[in-house]
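Colleague: sequence unknown, structure follows:
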């Protein structure tokens, strides 16, 4: 049998083979388990007199990439107050740092004087392999 016939036979077999209804339920249930990024990576902002604190609460079973946390039009460093950072061997990025559970940073208010607005971007994944696109969140 040549390769075309094998492929055609396989496709026909897959099309006519009945799909078990429990398999359908599992497929659709798995799809509905993908939560919106805003629920997985909850951001809270606290404005103090001299600082702005940004805190991500990261749902169990998910992580954020440390290198993905960047601010648009703002290059000053931030200070990490609370975090759970660990090394991770990523399929696409290689050895990288990821954050689980919590990530809290502090930015000095004086560093924001020349900034019209503050937008942070971040990206994360589920431990089961689903990765979210880069998300942006307006802080100020």
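Modeller: Right, received. Where do you want to start? Here the structure is a predicted model, which means the values were calculated and not measured. Residues are numbered from 1 along each chain as shown.

Colleague: Now do the contacts for the nearest residue to residue 135 once chain neighbours are set aside.
Modeller: Distance criterion C-beta to C-beta, 6 or more residues apart in numbering; nearest residue to residue 135, sequence neighbours excluded, is residue 37 at 5.0 Å. All C-beta atoms are positioned from the backbone trio N, CA, C, and that covers glycine. The contact partners of residue 37, by C-beta atoms under 8 Å, 6 or more residues apart in numbering, come to 124, 132, 135.

Colleague: Next step: the residues you listed restricted to helices.
Modeller: With DSSP state H as the criterion, helices contain none of the contacts of residue 37.

Colleague: Between the residues you listed, which sits nearest residue 114?
Modeller: residue 135 (25.2 Å; C-beta to C-beta).

Colleague: What's the separation between that closest one and residue 86?
Modeller: 21 Å (C-beta to C-beta, to the nearest Å).

Colleague: out of those two, which sits in the busier spot?
Modeller: residue 135 (18 against 11; other C-beta atoms under 10 Å).

Colleague: my read: the more buried one touches residue 42, true?
Modeller: No. Applying C-beta atoms under 8 Å, one finds residue 135 not in contact with residue 42, separated by 11.8 Å.

Colleague: Buried residues in stretch 43-56, which are they?
Modeller: Residues 51-56 are the ones in stretch 43-56 that count as buried (16 or more other C-beta atoms under 10 Å).

Colleague: per-residue confidence averaged over that stretch?
Modeller: Stretch 43-56 carries an average pLDDT of 95.

Colleague: Let me see the backbone angles for the nearest residue to residue 66 once chain neighbours are set aside.
Modeller: Spatial nearest neighbour of residue 66, excluding adjacent residues (C-beta to C-beta, 6+ apart): residue 97 at 4.0 Å. Dihedral pair for residue 97: phi -110, psi 130, per degrees, to the nearest 10.

Colleague: go on, residue 40?
Modeller: Torsion angles, degrees, to the nearest 10, at residue 40: phi -80, psi -40.
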